[in-house]
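A.B. asks: Fold the following for me, if possible:
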Amino acid sequence: MKTILSVLVENHPGVLSRVAGLFSRRGFNIDSLAVGTTENPEISRMTIVVEGDEYIVEQVKKQLNKLVDVIKVSKISSDDSVSRELVLIKVDAEPKNRSEIIQIAEIFRANIVDVSRRSMIIELTGDKDKINAFEELVRPFGIKELVRTGLIAMNRGPKTIKVEEEEKD
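C.D. replies: Just a heads-up that it's a prediction; the model follows:
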């Protein structure tokens, strides 16, 4: 079972290394990891997707809470949250194939962010299934390069993950 954890950490050099080190020392696998600053520039938010049963997830949460730079660890329910991933795909785009590639991109509401004589870079945001489906449709044209951000997630409604325990709309 995959579980999404949101981890608020102090925005200092070396924090990511300490978190990754914790996972490797304990033998836990990180399925996905995305990190960025929050509305407070002194705090970063890590979205970590871990594979494991409830016991493993609880162990990961306890170990994360022991790290000095960790402020708060919260489990995000996949049923009551919005999650997305970003992918950039560089596709072979010979002139004869471009209109077909553009049509596929439009169907998926993807953006073409770069075009050259023989390729184009397409940006797509969505869930894992949407991104995988898009990738399969453009694969026959030839994928030159592909990069994915990893999952980011946020609770729906008034529930927030903040340093203080307040809940706001």
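A.B. asks: May I have the beta-bridge partners of residue 112?
C.D. replies: Residue 112 has the following beta-bridge partners by DSSP bridges: residue 122.
A.B. asks: just for this protein, where's the confidence low?
C.D. replies: Applying pLDDT under 70 to the chain picks out residues 164-169.
A.B. asks: Now for residue 135: which residues touch it?
C.D. replies: Applying CB atoms under 8 Å, 6 or more residues apart in numbering to residue 135 gives the contacts 87, 89, 143, 146. C-beta here means a position set from N, CA and C on the backbone, and glycine is covered the same way.
A.B. asks: Count the neighbours of the second one for me.
C.D. replies: It refers to residue 89. Using other CB atoms under 10 Å, residue 89 is surrounded by 23 other residues.
A.B. asks: residue contacts, it?
C.D. replies: Applying CB under 8 Å, 6+ apart, we find residue 89 in contact with 121, 122, 124, 134, 135, 138, 143, 145, 146.
A.B. asks: Max pairwise distance over those residues: which two?
C.D. replies: 134 and 145 (14.8 Å; CB to CB).
A.B. asks: where along the chain do the helices fall?
C.D. replies: Remark: helices assigned in the chain by DSSP state H are 15-26, 54-66, 98-107, 128-138.
A.B. asks: for the first one, which positions count as buried?
C.D. replies: Within helix 15-26, the residues that qualify as buried are 15, 19, 22, 23, counting by 16 or more other CB atoms under 10 Å.
A.B. asks: For residue 56, state which of those is nearest.
C.D. replies: If you rank the buried residues of helix 15-26 by distance to residue 56 using CB to CB, residue 23 comes first, at 11.3 Å.
A.B. asks: I'd assumed residue 33 was in contact with the closest one.
C.D. replies: No. The criterion here is CB atoms under 8 Å, and residue 23 misses it with residue 33 at 9.0 Å.
A.B. asks: The longest strand anywhere in the chain pairs with which strands?
C.D. replies: Longest strand in the chain, counting residues (DSSP state E): strand 81-92. Applying DSSP bridges, strand 81-92 is found paired with strand 119-126 (antiparallel), strand 143-148 (antiparallel), strand 152-155 (antiparallel).
A.B. asks: Of the ones you listed, which is nearest residue 5?
C.D. replies: Closest to residue 5 of those, according to CB to CB: strand 152-155, at 9.4 Å.
A.B. asks: contacting residues around the closest one?
C.D. replies: 4, 6, 34, 36, 47, 76-78, 80-85, 161.
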